Structures are given as structure tokens and as C-alpha cells.
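Visitor: based on what follows, work out the 3D shape:
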Amino acid sequence: MAGRIPQAFLDDLLDRVDIVEVIDRRVKLRKSGKNYTARCPFHEEKTPSFSVNPDKQFYYCFGCGAGGNALGFLMDYENLDFPRAVESLASSAGMEVPREPSSTPHDPEREQGNKALYALMEDVARYYRGQLRTHPQAQRAVAYLKGRGLTGQIAREFDLGFAPPGWDKLMKALGTGPEQVTLLKDSGMLVENEQGRLYDRFRDRVVFPIRDQRGRVVAFGGRVLGDDKPKYLNSPETSIFHKGRELYGLYQARQANRKLERLLVVEGYMDVIALAQHGISYATATLGTATSRTHLERIYRLCPEVVFCFDGDE
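Guide: Below is the predicted model of the structure:
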């Protein structure tokens, strides 16, 4: 069938399949610590040097350098071109491959821009994480988290951070050059007022990085520490973040449970984190929006059961 395969579908496909299962059906894998090993199918060897990482959904051979995701493995192992590998993987996952009209132009510039945004958001998360440890006023954030019963370990697991007070702390920390400022604006981390002045979106807040199912930081949520409104603030929609699509904590839930039997949908960031701390590692939350059809489709692709547990207020 003619037409380009949408990137969103490829992301969903790779989210749904487990690279360990894909490879193990073709090459017998053996558990070795957190990873799986085998003799490499791409070159002759006596000692296994082929490793599969279920957390990163990536394989790599230390002997010949072969590596990639589930699609790359199928292409190399079964000698398939990219579209046929997608069709094969989608078929095994019970998914039908959609196609964009052939007139839809391929936009390499946008794809490159998105790669830059993903890299930037990781830098932002790293900055906020460091501020929670080192900023003189971070003790207020630490006190808030401890007051909610959270431990340092769970804060690290969810990459919690602190956006310090001030209008341009993030911009100064990550660079004020024109390209960097453009990226910060495109990511929603900088806001421009009516006078054209730029300022940090998140200020004096506990910060929650929002990761997509592949573990990439796509947005942030922030909880105010003072009396400012709104109490919770989210990143705006961007080319890499769509509120009606993402679920907070889903990445962590998949990391903690290789095979999800159910997902618990709760209201907010703190609910997800508190439940994880108490051993309930399959909670997730919508991002200030009603549960959408896209949310439900994504959930039911991953597990057979969903439980909604919302607050009792109106």
C-alpha cells in the first residue's frame, strides 16, 4: 500500500511490543541480571556477547557492534526492508498499519527539531533535579515532599526537581543564544509576554518530568510552593507533547512491571508517586484533562484491565 507510515504509529508499535519476546521467538535468550544474553545471530561466536536490555528496549552485540530496537532486529535478522518489518511486527501485535496519503511531505527538518527538543527536555530535567539538591531555597520543596510522606528514593525514581524562584533562572542556566532560546520557547519552557519579554514558565515550584512510553521527557508539571495560582501548572501542547495522549507514570509502571495486568488511573502526580512508594507500581494519571479515547486505547493495548480511582471531591 502506498503512503508513509505515521511516526505516531511507529511510536505506539514500539511501545506495545516487548523486544525480549520479539527476539526470544527467534533466538533463545538467557536471563543475565537485568538483561538477556545469547550468542549473536549476526556473526559466529562461542561466548555469548549479544545483549538485550528490556528497560531500554534495545539490543547490542559487543562482538560485532550490531544493535537497535525491535524493528531494526527484524530488518537484520529476517532481511526485511523497513515497511515489511513494520508490517510483520504490527501483525504480531494485532495492529493494522495506517498510511498517510502519499502527497504528505516528509519533513526531515521537523524530525530534526523534535530530536533537539527531546535532548533539551532531558537537559531541563537534569537542571531541575540539580536545583532540588543544591539551591538555597530548595529546602521548602524538600519539606513539602517530606510532608507528603515521600522518600528521597522515590523522588529520585520519578526524577523530581525544583524550579527556583526568579524570572530567568532556567534561561540563564541553559543558554541565551538565539537557537537555544528558540528551542526553549518551542518546548514551552519559556513564555513571551505582550511586551516581548521572555520568562521561565515554572518558577518556585516542585517539578514533575512527564515521560512518554519510551522514557523521553516531553513535558513538565509544577506544583506551587506558595499561595500563587494555579496550584498545578503543566507544559503547553508542543510538537512532542499532547495532553490527550500521554499518561503520567506510565513509563515508570512499565519499567516496574514487565507484563502489566492492570493499570490504576488516578488524578494527579502525587497520587501516582505515593502509590508507587507503597508498592502499587501500576498507577498512572491523566494530565489535567478528562480520560480520552486515545488514553483508553493506549491503556488497553498494554493491559486487559483498568481501574479508575479519583478523589471524592466534586
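Visitor: can you give me the buried ones in the helix or strand bottoming out on mean pLDDT in the chain?
Guide: The weakest-scoring helix or strand in the chain, judged by mean pLDDT, DSSP states H and E, is helix 293-302 (a mean of 80). For helix 293-302, burial by neighbour count (16 or more other Cβ atoms under 10 Å) applies to 295, 298-299, 302. From N, CA and C alone the C-beta is placed, and that goes for glycine too.
Visitor: show me what contacts residue 254?
Guide: For residue 254, the contact set (Cβ atoms under 8 Å, 6 or more residues apart in numbering) comprises 213, 260, 302.
Visitor: quick one: which of these is nearest residue 31?
Guide: residue 260 (19.5 Å; Cβ to Cβ).
Visitor: look up how far residue 85 lies from the closest residue in space to that closest one that isn't next to it in sequence.
Guide: Nearest residue to residue 260 in three dimensions, chain neighbours excluded: residue 303, at 4.0 Å (Cβ to Cβ, 6 or more residues apart in numbering). From residue 303 over to residue 85 the distance is 25 Å, taken as Cβ to Cβ, to the nearest Å.
Visitor: of these two, which one has the most company?
Guide: residue 85 (20 against 16; other Cβ atoms under 10 Å).
Visitor: ok, the more buried one touching residue 79?
Guide: No - here residue 85 does not reach residue 79: they are 9.8 Å apart, not a contact under Cβ atoms under 8 Å.
Visitor: can I assume residue 37 sits in a strand?
Guide: Yes - counting by DSSP: H, G, I helix; E, B strand; the rest coil, residue 37 is located in a strand.
Visitor: the residue nearest to residue 39 when sequence neighbours are not counted: neighbour count?
Guide: Closest residue in space to residue 39, ignoring its immediate chain neighbours: residue 48 at 5.0 Å, by Cβ to Cβ, 6+ apart. Neighbour count of residue 48, defined by other Cβ under 10 Å: 17.
Visitor: quick one, what contacts residue 48?
Guide: Per Cβ under 8 Å, 6+ apart, neighbours of residue 48: 30, 37-40.
Visitor: specify the local secondary structure of residue 263.
Guide: strand.
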